[in-house]
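# fold the following, please.
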Amino acid sequence: METDYLTLILTRKCKENCAFCFVDKEDISLNEESAKKILEFFLNNGGEEKTIKFFGGEPLLEFGLLKNIVRFCTEKNKTIDKRINFILPTTGTLLNNDTLDFIKLHQIELVIDSLHFKKIRNKILEPLFSLPFLTLTINISPESAISLFREFKKFYALGFRRFNYLPFYYIKWPDKSVRTLKKEFDKIKTFYQDTPGLYFKNCDLQGDVPLFNSCLTCDASGDIYSSNAILFKNFSKFKSNFFITNIHKLDAGNELKIDNKRLLRVIKKSFCKQALRDTFKIDKILNTFIESLASPVKVADVKLGNSCNNHCKFCVRKRTGEKVVDKTTKDIRRDLLNARKECQGVIFTGGEAAIRNDFFELISYAKRLGYEMIQIQTNGRMFAYKSFFLKTIGAGANEFGVSIHGHIPELHDYLTSSKGSFYQTVQAIKNIKESGLLVFTNTVINKSNYRHLPQIAQLLVNLGVNHFQFAFVHALGAAAEHFQSIVPRISMVMPYVKKGLDIGIKAGIRVMTEAIPYCLMGEYKDYISEKIIPSTKIFEFYNEVIDFDKIRTTIAKAKSESCKRCFYFLMCEGVWREYSERFGWKEFNPVASHIR
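Take a look at the predicted model:
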């Protein structure tokens, strides 16, 4: 059972009579003394991250109790120092400026269902979208499945970016509706892949059993159960199966376990076989969809070495005159084998991978190991040669990330310190496009090229790239050595970044930025790449394996004390630490509220 997740049923009362609601309503509410007792137990035990979900009935009928609970947890956290997440599902009918201000202040995730939103949208639309974590639950019946994608696009156009899907469970679904549901989710997935800034979750599915959570559940009566199944009308007679104890008898010795087989036995007693079969069928469709979005391919970034046929003035891998170090074939094969235990994709990075004598051998080995994605990060020069490129994709490479830093030879070749490199890189992009494979590009923003980002964007649009990124220079290696001539003020860069992004957006190309904080991105916040970077392990030299997510957010980047006042503090990774150490924080101003 999930002991770091608590469903706290503040009340069984609700003024609505929703046809799809499964809750067994009663005129009963949790008292504050009981709430604090279960919270003391919950927060003092288990892991370092805790999630508290307020439930009902309508939890906002007990808004005073909810406020006191949040304040109690906040005060308690000063001594236990854990991460506490609050989730508030609600019909939304009781939302007003006071409730929304409190929810915003304490960064509570508000989950509102689509049917009730239609009733209240005119009353609270603007303040609702000022919340940091706003999730829309879309209920799906067999009849409404056919319009799922259309409904999704409608709510996306209104400004929703976080979605939660909840099919009608434990009823019969016609085969046609099941097939339709899968097709509609496929449409949404395609939309997601082409649209940055979207997030999908399923707040109401925490366990293996559809709809019901295997988690600590405190009822409004003060009784503690091992599943939220006790809320369901059909299950009221089976409550004893999940009963643990009462709040006032709770102590550290209580057994907090659940037998999922028991829950399944109860379910089988309560529903007909057809409803059960259909429930698990649609739940599988939903889970397949959610997992494909919420769990991106885990990637291994395998560093091959520092040898390169360019000599970029901002290279983070080495300084001028520094000895070149490359891994052996044996070392790289070992990295690929070890990484395959947990990674489905691999990125070969350098230096320049394509100039190695064992280049094709390594790609073929990665393919034999079963990597789904084999990406080459490259300056593109070797792939200007058609035969070399075709041999590369024949060996198994199926993605290419090409670096391009100027829109004309004079600029690009100056930055790479390699005459003729511009024409070779451009030809490489053309070869990749001609093959039908996706091509991504990365442009490092620096003092020499930032004023030309719009022209670079136009070149990339003309070349037909699928995705381009502007990455703010990281002052390591050669970039640190030549900091003064390489690293611009980030605030001066932004007008050109936004003009470049606009060119790509207008052309229908996926565009992103890297290492630029939310406060500077403003209305372009949906184009921040850090939100979608897949979980990555970097295989460096000397058997060193680095968790890129952790390094990037805790060591490589920094945030100031004033950043804590920013609406996007929890989402933003900050700025490269070396930049803030040199220039300070005057360019960065906390954002007061959600930017639409």
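# give me the phi and psi for residue 397.
Backbone geometry at residue 397, expressed as degrees, to the nearest 10, gives phi -70, psi 130.
# what is the neighbour count of it?
Residues lying near residue 397 (other C-beta atoms under 10 Å) number 26. Glycine gets a C-beta too; all of them are placed from N, C-alpha and C.
# that one touches residue 374, doesn't it?
Yes - using C-beta atoms under 8 Å, residue 397 is in contact with residue 374, at 5.0 Å.
# what residues are shared contacts of the two?
Taking C-beta atoms under 8 Å, 6 or more residues apart in numbering as the contact rule, residue 397 and residue 374 both touch residue 363.
# can you show me the helices along the stretch 51-200 of the chain?
For the stretch 51-200 of the chain, helices defined by DSSP state H, counting those that start in this stretch occupy the ranges 63-80, 97-105, 114-128, 148-158, 175-193.
# actually the stretch 301-450 of the chain, not the one I typed
Along the stretch 301-450 of the chain, counting by DSSP H, counting those that start in this stretch, helices occupy 329-339, 359-368, 386-395, 409-416, 421-435.
# looking at the ones you listed, spot the one closest to residue 515.
helix 409-416 (17.7 Å; C-beta to C-beta).
# mind listing what's buried in stretch 166-173?
Neighbour counts over stretch 166-173 (16 or more other C-beta atoms under 10 Å) mark 166, 167, 168, 169, 170, 171, 173 as buried.
# now those residues in CSV, with pLDDT?
What follows is the buried residues of stretch 166-173, written out as CSV (pLDDT from 0 to 100):
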residue, pLDDT
166, 88
167, 90
168, 89
169, 86
170, 85
171, 88
173, 95
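# so which of those residues are in strands?
Per DSSP state E, strands hold the following members of these: 166, 167.
# rebuild the buried residues of stretch 166-173 as CSV, extending it with distance to residue 305.
Output for the buried residues of stretch 166-173, formatted as CSV (distance: C-beta to C-beta, whole Å):
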residue, distance to residue 305
166, 50
167, 51
168, 56
169, 54
170, 57
171, 59
173, 55
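# how about the strands in the stretch 351-500 of the chain?
Taking DSSP state E, counting those that start in this stretch to define them, one finds strands in the stretch 351-500 of the chain at 373-378, 399-403, 439-445, 467-472.
# helices and strands around the shortest one, which ones?
When contacts are defined as 3 or more C-beta pairs under 8 Å, 6 or more residues apart in numbering; DSSP states H and E, strand 399-403 packs onto strand 373-378, helix 421-435, strand 439-445.
# what's the mean pLDDT across that strand?
For strand 399-403, mean pLDDT is 97.
# so in that sheet, which strands flank it, and in what orientation?
Strand pairing for strand 399-403, determined by DSSP bridges: strand 373-378 (parallel), strand 439-445 (parallel).
# out of the helices of the stretch 301-450 of the chain, which is closest to residue 536?
Using C-beta to C-beta, these put helix 329-339 closest to residue 536, at 10.3 Å.
# if we can go back for a sec, I'd like the strands paired with strand 399-403 written out as a markdown table, with mean pLDDT added.
What follows is the strands paired with strand 399-403, written out as a markdown table (pLDDT from 0 to 100):
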| stretch | mean pLDDT |
| --- | --- |
| strand 373-378 | 96 |
| strand 439-445 | 97 |
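# I'd like to know how many residues surround residue 30.
By the criterion of other C-beta under 10 Å, residue 30 has 23 neighbours.
# these two touch, right, it and residue 8?
Yes - Residue 30 lies in contact with residue 8 (C-beta under 8 Å); the separation is 7.2 Å.
# what residues are shared contacts of those two?
Among the neighbours of residue 30, those also in contact with residue 8 (C-beta under 8 Å, 6+ apart) are residue 218.
# quick check, residue 76 in contact with residue 43.
Yes - with contacts counted by C-beta under 8 Å, residue 76 reaches residue 43, the gap being 5.7 Å.
# for residue 293, what are its contacts?
Shown in contact with residue 293 (C-beta under 8 Å, 6+ apart): 189, 192, 200.
# format these as CSV; extra columns: pLDDT, distance to residue 509 and neighbour count.
Output for the contacts of residue 293, formatted as CSV (pLDDT from 0 to 100; distance: C-beta to C-beta, whole Å; neighbours: other C-beta atoms under 10 Å):
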residue, pLDDT, distance to residue 509, neighbour count
189, 87, 20, 14
192, 82, 17, 18
200, 82, 23, 18
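# which one of these is nearest residue 138?
Residue 138 lies nearest to residue 200 out of the contacts of residue 293, by C-beta to C-beta, at 10.5 Å.
# how close does the closest one sit to residue 166?
Noted for residue 200: a distance of 12 Å to residue 166, by C-beta to C-beta, to the nearest Å.
# now for these two: what residues contact both?
Counting by C-beta under 8 Å, 6+ apart, nothing touches both residue 200 and residue 166.
# so which residues of the stretch 151-300 of the chain form strands?
With DSSP E, counting those that start in this stretch as the criterion, the stretch 151-300 of the chain has strands at 162-167, 199-201, 215-218, 223-225, 243-246, 299-303.
# one step back: out of the buried residues of stretch 166-173, which comes closest to residue 97?
Using C-beta to C-beta, residue 166 is the member of these that sits closest to residue 97, with 28.0 Å.
# distance from the chain centre to stretch 338-358, please.
On the basis of C-alpha atoms, centre = their mean, to the nearest Å, stretch 338-358 sits 24 Å off its chain's mean C-alpha point.
# ok, now stretch 453-467?
26 Å.
# follow-up on the earlier one: nearest to residue 118, of the strands of the stretch 151-300 of the chain?
Of all the strands of the stretch 151-300 of the chain, strand 162-167 sits nearest to residue 118, with 15.6 Å by C-beta to C-beta.
# that closest one pairs with which strands, parallel or anti?
strand 134-140 (parallel), strand 199-201 (parallel).
# what mean pLDDT does the longest one get?
Read that as strand 134-140. When pLDDT is averaged along strand 134-140, the result is 91.
# repeat for stretch 273-281
For stretch 273-281, mean pLDDT rounds to 88.
# pull out the buried residues from that stretch.
In stretch 273-281, counting by 16+ other C-beta under 10 Å, buried: 275, 276, 278, 279.
# of those residues, which pair is most distant in space?
Distance extremes for the buried residues of stretch 273-281: the farthest pair is 276 and 278 at 7.4 Å, using C-beta to C-beta.
# domain parsing of the chain, as residue ranges.
Following automatic domain parsing, the chain resolves into domains at 2-294, 299-583.
# returning to that earlier point: between residue 76 and residue 43, which has more neighbouring residues?
In terms of neighbours (other C-beta under 10 Å), residue 43 is the more surrounded of residue 76 and residue 43; the figures are 20 against 16.
# hmm, that one is touching residue 82, no?
Yes - using C-beta under 8 Å, residue 43 is in contact with residue 82, at 6.8 Å.
# overlap of the contact sets of the two?
By C-beta under 8 Å, 6+ apart, the residues touching both residue 43 and residue 82 are residue 50.
# residue 465: neighbouring residues, count only.
24.
# measure it to residue 193 for me?
To residue 193, residue 465 is 16 Å away according to C-beta to C-beta.
# swap in residue 382?
Residue 382 is 29 Å from residue 193, where distance means C-beta to C-beta.
# more neighbours: those two, which one.
When neighbours are counted by other C-beta under 10 Å, residue 382 and residue 193 differ, and residue 382 comes out ahead with 19 against 12.
# mind pulling the model confidence for the more buried one?
Looking at residue 382, its pLDDT is 98.
# any idea which of the strands of the stretch 151-300 of the chain is most buried?
The highest average neighbour count among the strands of the stretch 151-300 of the chain, using mean count of other C-beta atoms under 10 Å, belongs to strand 215-218 at a mean of 26.
# give me the below-cutoff pLDDT ranges for the stretch 151-300 of the chain.
Filtered on pLDDT under 70, the stretch 151-300 of the chain yields the residue ranges 196-197, 202-211, 213-214, 233-238, 251-264, 294-297.
# meant to ask about the stretch 1-150 of the chain
Confidence mapping of the stretch 1-150 of the chain against pLDDT under 70 gives the ranges 1-2, 19-20, 22, 122, 124-125.
# picking up where we left off before, please identify the most buried of the strands paired with strand 162-167.
Greatest average neighbour count among these goes to strand 134-140 (a mean of 21), per mean count of other C-beta under 10 Å.
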